[in-house]
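> structure for this input, please:
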Amino acid sequence: MPQVSIARLFDENRSELKLTWLQGDRATCPVLDSQRISGSSKGLTGHLNFIHPNWIQIFSHTEAEYLQSLDEQTRRQLLDYLSASGMACLILSDGEHAPEVLASLSSALNVPMLASPLPSLQIIWVLRTYLGRVLAEFVTRHGVMLDVLGMGVLITGDSGVGKSELALELITRGSGLVADDVTELYHIAPQTLEGRCPELLKDFLEVRGLGMLNIRTIFGETAVRQRKNLKLIVQLERPVGGQFPGLDRLPLNASSEEIMGVSVRKVQLPVAAGRNLAVLVEAAVRNYVLQLRGIDSTQDFIRRQEQQLNAGASEEPS
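Numbering: from 1, shown residues only. Have a look, this model is predicted:
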């Protein structure tokens, strides 16, 4: 189950948001997990809200003025609502200082209080994107994930079919490695899957006969990618008795595979001696890009053939 602690959120966004940890115990700080969040009506992060509290509350100058304008009884009542909301973190934005009552509440509940000099909207934009990534549901797939010509491609197939060797050749042609053997696919948006590599396997590619290769060390920084959105699946098929059952020589309809409710275009490539699979994968990517632009070579050929047949039929003597 995807989850993230407030301490990790602080560490991974500290530089970008110029965060300072004001109070709260890092060792026992709250943890956000996708199950709790999906079962709640609360928002992930937003400006201080007493009616529909967010998991992460942002406190800016506007909220400070609002609290100061309230009478003591109303202020105490609202803070009681806030203490019962189960908020995970409070962030002071715009260089704002926390009122004593808010600091005392944070301390009593052991809710971390952070501070940033940046505007509240900028903090919200950054944290929404960050939390959307780290809390996304994910599945794992056996295969090699690459950035081929700017498109995320997952190469799948039976063990020993040549996925890693193909990936190595594509890397030498300018592609970037995302993950080898185990690819984690995160559902970060309704129709978007993001491929990432498990921490243990980052930068490594296993090639039979050579062992583990550190792609970053061998080919440089430009040969690896931290993440890439999955757009195309290339499945390598072995021949069975010299034949490739189930493969059409001229597929009329594009095939796809559904992963976590997202339909991903899929291409099947036969593996045989003399076939340059790296060139074929690049051609598949280029062809898919054209299809996204409304240019379908197969359908163009069929229409041309039909026009030729119709022209021939019209020339026949009656």
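> mind showing which ranges of the stretch 201-318 of the chain have poor pLDDT?
241-253, 314-318 (pLDDT under 70).
> what do you get if the cut-off is 90, keeping everything else the same?
Residues of the stretch 201-318 of the chain meeting the criterion pLDDT under 90: 208-209, 237-256, 268-275, 291-292, 294-318.
> tell me where it has helices.
For the stretch 201-318 of the chain, the helices defined by DSSP state H, counting those that start in this stretch occupy 215-219, 277-292, 297-315.
> just the element for the residue nearest the centre of the chain, please.
Nearest to the mean C-alpha position of the chain, counting by Cα atoms, centre = their mean, stands residue 194 at 2.9 Å. Per DSSP states H and E, residue 194 falls inside strand 192-196.
> quick one: list the elements packing against that strand.
Applying 3 or more Cβ pairs under 8 Å, 6 or more residues apart in numbering; DSSP states H and E, one finds that strand 192-196 makes contact with strand 176-179, strand 182-189, strand 227-237, strand 262-270. Yep, even glycine has a C-beta here, placed from its N, CA and C like the rest.
> including distance to residue 304 and mean neighbour count, could the ones you listed go into JSON lines?
Shown next, in JSON lines, are those (distance: least, Cβ to Cβ, whole Å; neighbours: other Cβ atoms under 10 Å):
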{"stretch": "strand 176-179", "distance to residue 304": "37", "mean neighbour count": "26"}
{"stretch": "strand 182-189", "distance to residue 304": "38", "mean neighbour count": "20"}
{"stretch": "strand 227-237", "distance to residue 304": "26", "mean neighbour count": "20"}
{"stretch": "strand 262-270", "distance to residue 304": "23", "mean neighbour count": "17"}
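> the strand or helix carrying residue 104 packs against which elements?
Following DSSP H and E, one finds residue 104 within helix 100-109. For helix 100-109, the elements it packs on are strand 20-23, helix 72-83, judged by 3+ Cβ pairs under 8 Å, 6+ apart.
> does residue 201 touch residue 177 like I think?
No - counting by Cβ atoms under 8 Å, residue 201 does not reach residue 177; the two are 10.2 Å apart.
> name the nearest residue to residue 22, sequence neighbours excluded.
residue 113 (4.5 Å; Cβ to Cβ, 6 or more residues apart in numbering).
> what pLDDT is listed against that neighbour?
In this model, residue 113 is scored at 93, pLDDT.
> from memory it sits against residue 25, does it?
No - under the criterion of Cβ under 8 Å, residue 113 makes no contact with residue 25, lying 11.5 Å away.
> more neighbours: the two, which one.
Remark: of residue 113 and residue 25, residue 113 carries more neighbours, 21 against 9, as counted by other Cβ atoms under 10 Å.
> who is the more buried one paired with across the strands?
With DSSP bridges as the criterion, residue 113 is bridged to residue 23, residue 90.
> coming back round to it: could you dump the helices of the stretch 201-318 of the chain to a markdown table with distance to residue 207 and mean neighbour count?
Converted to a markdown table, the helices of the stretch 201-318 of the chain look like this (distance: least, Cβ to Cβ, whole Å; neighbours: other Cβ under 10 Å):
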| stretch | distance to residue 207 | mean neighbour count |
| --- | --- | --- |
| helix 215-219 | 10 | 15 |
| helix 277-292 | 14 | 17 |
| helix 297-315 | 33 | 10 |
